[in-house]
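Colleague: When you get a sec, could you give me coordinates for this:
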Amino acid sequence: MSPLTTPSRDRSQPVIKVSRFDAVALFAERAASAVPGFALTDDNTATIAKICARLDGLPLAIELAAARTRALSPEQILQRLIERRGLLTWSSRGVPPRQQTLKWSIGWSYDLCTPEEQQLWRRLSLFTGSFDIDDVEHICGEDCAGDLLDILASLVDKSIIVREDARGRARYRMLDTVRGFGREQLDETAGDVNLRLRFRDWYTRMALDAEADWISPRQLDWSDRLRGELPNLREAFDFAIAENDGSALPLAAALYPFWIARGLFAEGRRWLHRALDQTHRQPTTLQAKSLFAAAILAAFQGDLTVAAARAEDALALESPAADPIARAYVAMAAGITAFCSGDLEQARVRLRFAADTPGVDAYPQLQLEALSLLGWAHVGDHTSQALTFQGRALAIAQGHGEYIHRGYSLWANGVDTWRSGDREHATELLEAGLRLTRQTRDPLMVFTCLQALAWLDAENGQVRRAAVVMGAADAHRRLVGSNPVFFPNLLVHQNTYEETVREALDAKTLDAAHREGASMTTADAIAYTLGEQSREPMPDTPGQERTVLTKREHEVAELVAEGLTNKEIAQRLTISRRTVDGHVDHILTKLGFTSRVQVATWITESAPTD
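Modeller: Prediction:
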């Protein structure tokens, strides 16, 4: 964080001049919030100027100090800062002055908290994302000394916790530096194993509830909620992995519809890989579902070697005595792998088995996946059968008030209707699917709809427009790491219409059109393809869902690019090695990378050019 302007410590200045310094203005503003009627005066201005200068103009440090005016005068605050700095400077040699100042100002605030406030601060440091009062009560409330809500409110008053409003509910968060300090205190006191287990169990329960309610009118609410809770879900998953007791698998498997819906294929694969490696293969529904999820995520990214390996693992569980739903998931794993490998006949047999499994209608997520995949396996050359299966899937999705499978059914029906010769109705179906993505924010669905509509444009002679839409489609494809053609039975159409566009446009015009499409936000790409005026950007644009890093993660990524080890990064940023380990893992996850070299390359390529 950049320091604010501060007055000189050595020269007395009138109030009107001192108040123009950003640091002093911030202190006065925060102090007035803490103590109504507080104002800069001739008596306190010099002291406040010294406080701001001693805190090096760092905004967070100033806010923490100003919050203390509720209990201390400016003179008392300054005196305590002087005393504390004298105590801490000896242990901070080698640390950059600004970081040293920030760290000891946070430590000073911690020391001034009551034991009850310190305990809750430490416990809340488990939350890497925002949280609400229900989260706090279930995870931190056990054995809490004092009234939890009062203690939380006190931490808000002291600027330790930041309060925000989201959809009519109060949510809270910690700044990264404050949370990091709390985590260090938690680790130094050996933490609380039961606290971490409660954290893991709470977020596992959230994921399981989302999975159970996914095929419903609340699907988009769950999708948005899980996206917002992703930092905490990651932390819960790390705790589960650390326990090495098999508890990570239910969490990873429950989220696989979410991974697909938000295009987070790489992260989903990483979770499932780590969780499956900690469990023994048993013919359970959880194992079969997890292997199917791992197979479909790998297949959708074109990693057919891994998909086939996961399908083989699933087939090894196959047994007549196994639960029918487990057998259905085994068939799904084999079916999706065969489908993406181009073995459509085998795919249809396997997927039909899953769709016809007795009792599958009690599992709407599984039933919709089976019917959708079965319909996709018939797209292009078995139009009537494809329409039949997609029609069944669409009816189920609409009956449950579901969105995502409905969108894919509209896409598949659109492609089949186009191949049967009804271009007008096909366009209506594909455009309806594309409009739906404004609600679902599913980059894979955006890609498939844009691509199909580009084919129709090319067939209709609108070749430059087709090239622009192809560029936009390709940007979304790269976002999720999918193949150039989502399904192998559609490759002929992609090749045909790419050739049509190449033959009609010179190389310069074609390249410019592709670049135009690729540079569009999701909202602009949809509006352009639908022939609308440009709209306000959607919250998610190509690359934003997976590649946006927090400010701290950017700092860590830049140091990784410089070649520093995690230990060296921890020393540079004055944070714990464990915190750096977590940041690096989250950077790899968000970017879909597997090595530090890839992070370094990404930093280099994303640097602004002159």
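Colleague: from here on, contacts and neighbour counts on C-alpha atoms
Modeller: OK.
Colleague: Okay, Ala295 and Leu351: tell me how far apart.
Modeller: 14 Å (Cα to Cα, to the nearest Å).
Colleague: Which residues are in contact with each of the two?
Modeller: Taking Cα atoms under 8 Å, 6 or more residues apart in numbering as the contact rule, Ala295 and Leu351 both touch Ile336.
Colleague: in the stretch 401-550 of the chain, which segments are predicted with low confidence?
Modeller: For the stretch 401-550 of the chain, the stretches flagged by pLDDT under 70 are 483-486, 533-548.
Colleague: Would you map the helices across the stretch 251-400 of the chain?
Modeller: With DSSP state H, counting those that start in this stretch as the criterion, the stretch 251-400 of the chain has helices at 256-261, 265-276, 285-300, 304-315, 324-340, 344-355, 364-376, 383-399.
Colleague: Rebuild those as a markdown table, extending it with mean neighbour count, distance to Arg435 and mean pLDDT.
Modeller: As requested, those are exported to a markdown table (neighbours: other Cα atoms under 10 Å; distance: least, Cα to Cα, whole Å; pLDDT from 0 to 100):
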| stretch | mean neighbour count | distance to Arg435 | mean pLDDT |
| --- | --- | --- | --- |
| helix 256-261 | 22 | 15 | 95 |
| helix 265-276 | 21 | 23 | 95 |
| helix 285-300 | 26 | 23 | 95 |
| helix 304-315 | 21 | 31 | 95 |
| helix 324-340 | 27 | 27 | 95 |
| helix 344-355 | 21 | 28 | 95 |
| helix 364-376 | 25 | 19 | 93 |
| helix 383-399 | 20 | 16 | 89 |
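Colleague: can I get the ones you listed in CSV with distance to Arg200?
Modeller: As requested, the helices of the stretch 251-400 of the chain are exported to CSV (distance: least, Cα to Cα, whole Å):
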stretch, distance to Arg200
helix 256-261, 18
helix 265-276, 14
helix 285-300, 18
helix 304-315, 26
helix 324-340, 26
helix 344-355, 32
helix 364-376, 25
helix 383-399, 32
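Colleague: Now do the top helix by length along the chain: distance to the chain's middle.
Modeller: Looking across the chain with DSSP state H, the single longest helix is helix 219-243. In terms of Cα atoms, centre = their mean, to the nearest Å, the gap separating the centre of helix 219-243 from the centre of its chain is 9 Å.
Colleague: One more: stretch 202-210?
Modeller: Mean-position distance between stretch 202-210 and its chain equals 16 Å (Cα atoms, centre = their mean).
Colleague: try stretch 138-154
Modeller: 28 Å.
Colleague: Check the burial of Gln79 by counting its neighbours.
Modeller: Applying other Cα atoms under 10 Å, we find 13 residues neighbouring Gln79.
Colleague: Checking it next. Helix, strand or coil?
Modeller: Here Gln79 is recorded as helix under DSSP: H, G, I helix; E, B strand; the rest coil.
Colleague: Tell me who's in contact with it.
Modeller: By Cα under 8 Å, 6+ apart, the contact list for Gln79 is empty.
Colleague: quick one: it from Leu72, how far?
Modeller: Distance of Gln79 to Leu72, given as Cα to Cα: 10 Å.
Colleague: And for Val469?
Modeller: Val469 is 62 Å from Leu72, by Cα to Cα.
Colleague: Among the two, which residue is more densely surrounded?
Modeller: Taking neighbours as other Cα under 10 Å, Val469 and Leu72 compare with Val469 leading, 30 against 14.
Colleague: Am I right that that one is in contact with Arg515?
Modeller: No - look at Val469 against Arg515 with Cα atoms under 8 Å: they stay out of range, at 10.1 Å.
Colleague: Just say helix, strand or coil for the closest residue in space to Ile133 that isn't next to it in sequence.
Modeller: Spatial nearest neighbour of Ile133, excluding adjacent residues (Cα to Cα, 6 or more residues apart in numbering): Arg171 at 7.4 Å. Secondary structure, three-state DSSP: Arg171 is strand.
Colleague: which strand residues sit across from Arg171 in the sheet?
Modeller: Beta-bridge partners of Arg171, counted by DSSP bridges, are Glu164.
Colleague: and it, what does it touch?
Modeller: 130-133, 163-165.
Colleague: could those residues go into a markdown table alongside neighbour count, pLDDT and distance to Asp42?
Modeller: Below are the contacts of Arg171 laid out as a markdown table (neighbours: other Cα atoms under 10 Å; pLDDT from 0 to 100; distance: Cα to Cα, whole Å):
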| residue | neighbour count | pLDDT | distance to Asp42 |
| --- | --- | --- | --- |
| Ser130 | 20 | 92 | 41 |
| Phe131 | 20 | 95 | 42 |
| Asp132 | 16 | 94 | 42 |
| Ile133 | 17 | 93 | 42 |
| Arg163 | 18 | 88 | 33 |
| Glu164 | 14 | 85 | 35 |
| Asp165 | 10 | 82 | 38 |
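Colleague: Pick the one among the residues you listed closest to Asp474.
Modeller: For the contacts of Arg171, the closest approach to Asp474 (Cα to Cα) belongs to Ser130, at 33.5 Å.
Colleague: Does the closest one touch Arg173 like I think?
Modeller: Yes - using Cα under 8 Å, Ser130 makes contact with Arg173 at a distance of 4.5 Å.
Colleague: thinking again about what came up before, next, the angle from the longest helix of the chain to helix 265-276.
Modeller: Angle of helix 219-243 versus helix 265-276, following axes from the mean of the first three to the mean of the last three Cα atoms, to 10 degrees, is 40 degrees.
Colleague: Check which residues of helix 219-243 are buried.
Modeller: Neighbour counts over helix 219-243 (16 or more other Cα atoms under 10 Å) mark 219-220, 222-223, 226, 229-241 as buried.
Colleague: got it, and stretch 194-213?
Modeller: Across stretch 194-213, burial judged by 16+ other Cα under 10 Å covers 195-196, 198-204, 206-208, 210-211.
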